[in-house]
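Chemist: Provided below are the primary sequence and the corresponding predicted coordinates.
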Amino acid sequence: MTAIFLPGPPVVDLDDDPVDLVDVTELVCPGCTGPVTDAPPSGWPARAGRCPDFSHPDGSVLCPDSLGRVPEPVEAASLRYGLTDAGAAAAVDEACGWSA
């Protein structure tokens with residue numbers, strides 16, 4: 001394996017730019033596409049580690065992904081739906097190059 005190094009330092013933007021902030025009303029749970037609140041879920045056990053910053057409006061944790069990880073909310077405007085005859089799950093598989 002060959003490593004290629006580019007000249008110059010990496011570019012990292014650490015500034016808090018108010019333009020980058022997103023209103024919580026524009027965020028949704030990536031699992032169920034339901035609205036989220038900017039409050040931690042109620043009843044989060046300490047042994048589960050760091051408490052998430054977002055929850056569903058009823059106080060429940062955001063829908064876990066297929067590996068059981070609690071995701072961050074996503075912008076509703078960034079969601080795209082590709083419907084096929086086989087349904088939305090097939091569209092995701094096709095986009096990843098997998099066969100359903």
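Modeler: The structure has been received and is ready for your questions. Numbering: from 1, shown residues only.

Chemist: the helices in the chain, which residues?
Modeler: Using DSSP state H, the helices found in the chain span residues 88-96.

Chemist: Find the least confident helix or strand in it, judged by mean pLDDT.
Modeler: In the chain, no helix or strand scores lower on mean pLDDT, DSSP states H and E than helix 88-96, which sits at a mean of 44.

Chemist: Residue ranges in the protein under the pLDDT threshold?
Modeler: Applying pLDDT under 70 to the chain flags the ranges 1-20, 78-100.

Chemist: And the strands in this structure?
Modeler: 27-28, 74-75 (DSSP state E).

Chemist: Show me what the last one is packed up against.
Modeler: Strand 74-75 sits against strand 27-28, with contacts defined as 3 or more CB pairs under 8 Å, 6 or more residues apart in numbering; DSSP states H and E. Any C-beta I mention is one placed from the backbone N, CA and C, and that applies to glycine too.

Chemist: who touches the strand it packs on?
Modeler: Residues outside strand 27-28 that contact it (CB atoms under 8 Å, 6 or more residues apart in numbering): Gly34, Pro35, Val36, Phe54, Pro73, Val74, Glu75, Ala76, Leu79.

Chemist: ok, the first one - contacts?
Modeler: With contacts taken as CB under 8 Å, 6+ apart, Gly34 has the following neighbours: Val28, His56, Pro57.

Chemist: Could I have the buried ones of those as ChimeraX selection syntax?
Modeler: Only the buried entries of these go into this ChimeraX selection, using 16 or more other CB atoms under 10 Å:
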select :28,56
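
Chemist: Can you give me the neighbour number for Glu26?
Modeler: By the measure other CB atoms under 10 Å, the count of residues near Glu26 is 14.

Chemist: That'll do, ta.
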